[in-house]
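Participant: fold the stuff below for me.
(one chain, ligands or ions: 2)
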Amino acid sequence: MIVLEDALTLLLNHAPLPCSTTRYPLAECFGRILAEDITSTMDFPPFNRSPLDGYAVQLKDIVHVSPEHPVLLMQIESVPAGSVPCKIVTSGQATRIMTGAKIPEGADAVVRLEDTRLVNDQIEILTADKAATNICSQGEEIRINEKVLTTGTLLEEGALGLLSMLGQANPLVFHKPKIGILATGSELLSPSAPMKLGKIRDSNSYMLLAKTLKAGGEPVLLGHVEDNLSSIITKLSELPDLPVYITTGGASVGDYDLMEKLFQELQIPLLFKGVAMKPGMPVLAGVWKNSLLIALSGNPAAGSVSFEMLISPLIRKITGLRNWNHKKTIVKLCGTFTKTSPTRRFVWARWFMKQGFIFAEPLSHQGNGMLKSALEANALLEIPAHNSPIKDGTELEAILLHL
Ligand SMILES: Nc1nc2c(c(=O)[nH]1)N[C@H]1C(S)=C(S)[C@@H](COP(=O)(O)OP(=O)(O)OC[C@H]3O[C@@H](n4cnc5c(N)ncnc54)[C@H](O)[C@@H]3O)O[C@H]1N2
Ligand code: MOO
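Facilitator: Ligands and ions are numbered 1, 2, ... in the order given. Now for the predicted structure:
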């Protein structure tokens with residue numbers, strides 16, 4: 001039996017390198033991982049521009065204005081966003097300018113439209129309030145040659161907007177790692193099969209498919225196979241070449257729990273067998289033909305916790321993501337937790353904010369009812385080993401699954 005953190009380190013140390021790279025159109029890049037550093041080839045904004053609709057003027061003409069002592073200026077042109085001003089603003093003149101348009105030469109202030117009035121043909125300036133700061137300077141957000149995005153960045157809305165701004169229509173991204181998911185168990189039926197006595201439908205494959213997608217991998221469902229060593233070996237020999245294979249079922253000590261025998265039969269040296277946590281203790285891992293083979297428990301409650309704690313960070317690392325680690329946080333326990341155990345435990349919980357603190361309430365119906373609690377859970381709460389009953393409000397570590 002191995003400590004969870006050591007098991008994860010072993011898996012990460014044997015993780016395949018991130019996949020090959022390719023260029024994708026920007027619109028197809030959401031959720032992918034950037035495989036190159038992006039340096040700006042231009043300043044942004046690319047020119048001094050107006051942050052509002054108003055008049056570009058010379059500051060010295062308006063510094064002393066007030067509604068009681070306005071000044072009159074002559075409009076020389078009007079510049080919409082996207083156009084280039086042609087005329088230089090000199091003393092006594094104003095260029096009507098729209099938000100986003102280039103500031104004309106000669107102007108060093110912009111008065112907003114609401115602070116002006118049209119008087120005959122002239123523009124009356126009623127206040128100079130903030131006029132000098134009403135200019136967005138060239139390069140104030142991004143300088144030319146500045147590194148804006150780095151390899152390993154998850155491409156979400158901010159990154160996609162920046163890439164577009166920088167003219168990166170086809171950024172280089174990592175291919176998603178393919179993760180094989182094979183369910184073992186003679187009791188298993190596919191979701192479309194008619195029900196039979198003694199059988200259950202395979203829910204693990206679909207649960208782990210979803211978890212794989214969330215971690216940034218590409219799940220490859222390999223179906224299910226009965227608890228028979230030669231059937232499992234035949235099935236494995238037919239599988240496509242993938243960097244990681246996850247199996248569920250047969251990881252414990254029962255007569256038909258064949259995973260340990262499988263590792264022996266295929267002469268796969270074990271990285272570890274059994275992880276000191278509950279649920280999710282039965283896990284075996286090894287390197288098989290340059291791929292990681294990880295056998296999880298068939299118990300949905302156990303398999304999903306093992307996946308969350310061990311496989312999700314592993315997949316995130318193989319995607320090329322820079323920050324692949326769990327997002328752990330300290331929460332306050334809502335209610336008391338009375339179940340004690342010599343092993344550290346992870347329980348599905350629901351976090352919420354109250355009086356400025358994050359609280360987490362363990363869900364009832366854990367264990368075999370895990371799938372129902374998974375529906376409601378948004379956190380995995382860690383209960384330390386050998387705890388005496390834990391009091392309401394005690395600080396505990398949790399992984400927040402959905403924000
Ligand atoms: N004598 C002992 N028995 C058990 C122990 C133990 O220490 N000594 N550990 C228990 C614990 S804890 C767990 S967890 C399970 C682990 O069992 P396995 O990993 O070998 O998994 P299976 O026996 O194949 O299945 C367990 C359970 O889950 C159902 N199952 C299996 N596959 C699926 C699937 N794809 N979709 C939905 N449900 C699935 C299966 O029918 C069983 O009910 O062992 C305990 N026993
Ligand atoms: O290890 Mo079992 O995984 O406690 O549920």
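
Participant: send the alpha carbons of the biggest helix by length in the chain over as CSV?
Facilitator: In the chain, taking DSSP state H as the definition, the longest helix is helix 204-215. Output in CSV follows, covering the C-alpha atoms of helix 204-215 (Å, rounded to 0.1, in the frame of the first residue of the first chain):
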residue,chain,number,x,y,z
ASN,A,204,-18.0,3.4,-15.1
SER,A,205,-17.0,3.8,-18.8
TYR,A,206,-19.3,6.8,-19.2
MET,A,207,-18.4,8.4,-15.9
LEU,A,208,-14.7,8.1,-16.7
LEU,A,209,-15.3,9.3,-20.2
ALA,A,210,-16.7,12.5,-18.8
LYS,A,211,-13.8,12.8,-16.3
THR,A,212,-11.3,12.3,-19.1
LEU,A,213,-12.9,15.0,-21.2
LYS,A,214,-12.9,17.4,-18.2
ALA,A,215,-9.2,16.7,-17.6
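
Participant: what about that helix, near ligand 1?
Facilitator: Yes: using CB under 6 Å from any ligand atom, helix 204-215 reaches ligand 1 at N204. All C-beta spots, glycine's among them, are computed from the backbone N, C-alpha and C.

Participant: tell me the buried residues in that helix?
Facilitator: Buried residues in helix 204-215, defined by neighbour count with 16 or more other CB atoms under 10 Å: N204, S205, M207, L208, L209, K211, T212, A215.

Participant: just give me the closest of these to ligand 2.
Facilitator: For the buried residues of helix 204-215, the minimum distance to ligand 2 (CB to the nearest ligand atom) is 12.8 Å, reached by N204.

Participant: need the nearest residue in space to the residue of the stretch 151-300 of the chain found nearest ligand 1, chain neighbours excluded.
Facilitator: The minimum distance from the stretch 151-300 of the chain to ligand 1, using CB to the nearest ligand atom, falls at G298 (2.6 Å). Excluding the flanking residues, the one nearest G298 by CB to CB, 6 or more residues apart in numbering is G249, at 3.2 Å.

Participant: residue contacts, the nearest residue to I315 once chain neighbours are set aside?
Facilitator: Nearest residue to I315, sequence neighbours excluded (CB to CB, 6+ apart): A215, at 3.8 Å. Residues near A215 by CB atoms under 8 Å, 6 or more residues apart in numbering: I311, S312, P313, I315, R316, T319.

Participant: and if you look at A132?
Facilitator: Counted by CB under 8 Å, 6+ apart, A132 has contacts L59, D108, A109.

Participant: and it, that's in a strand?
Facilitator: No: with DSSP: H, G, I helix; E, B strand; the rest coil as the criterion, A132 is assigned helix and is not in a strand.

Participant: which SS state does Q75 fall under?
Facilitator: Secondary structure of Q75, per three-state DSSP, is strand.

Participant: tell me what it is bridged to.
Facilitator: Note on Q75: beta-bridge partners A94, judged by DSSP bridges.

Participant: wait, it touches R96, no?
Facilitator: Yes: between Q75 and R96 a contact is recorded at 5.6 Å, counting by CB atoms under 8 Å.

Participant: which neighbours do these two share?
Facilitator: The contact lists of Q75 and R96 share Y55, I123, where a contact means CB under 8 Å, 6+ apart.

Participant: more neighbours: which of the two?
Facilitator: Shown here are Q75 and R96; by other CB atoms under 10 Å, R96 has more neighbours (18 against 14).

Participant: what does the strand or helix carrying the more buried one contact?
Facilitator: Assigned by DSSP states H and E, R96 belongs to strand 93-97. Strand 93-97 has contacts (CB under 8 Å, 6+ apart) with 50, 53-58, 73-79, 85, 87, 89, 103-104, 106-107, 110-111, 123, 125.
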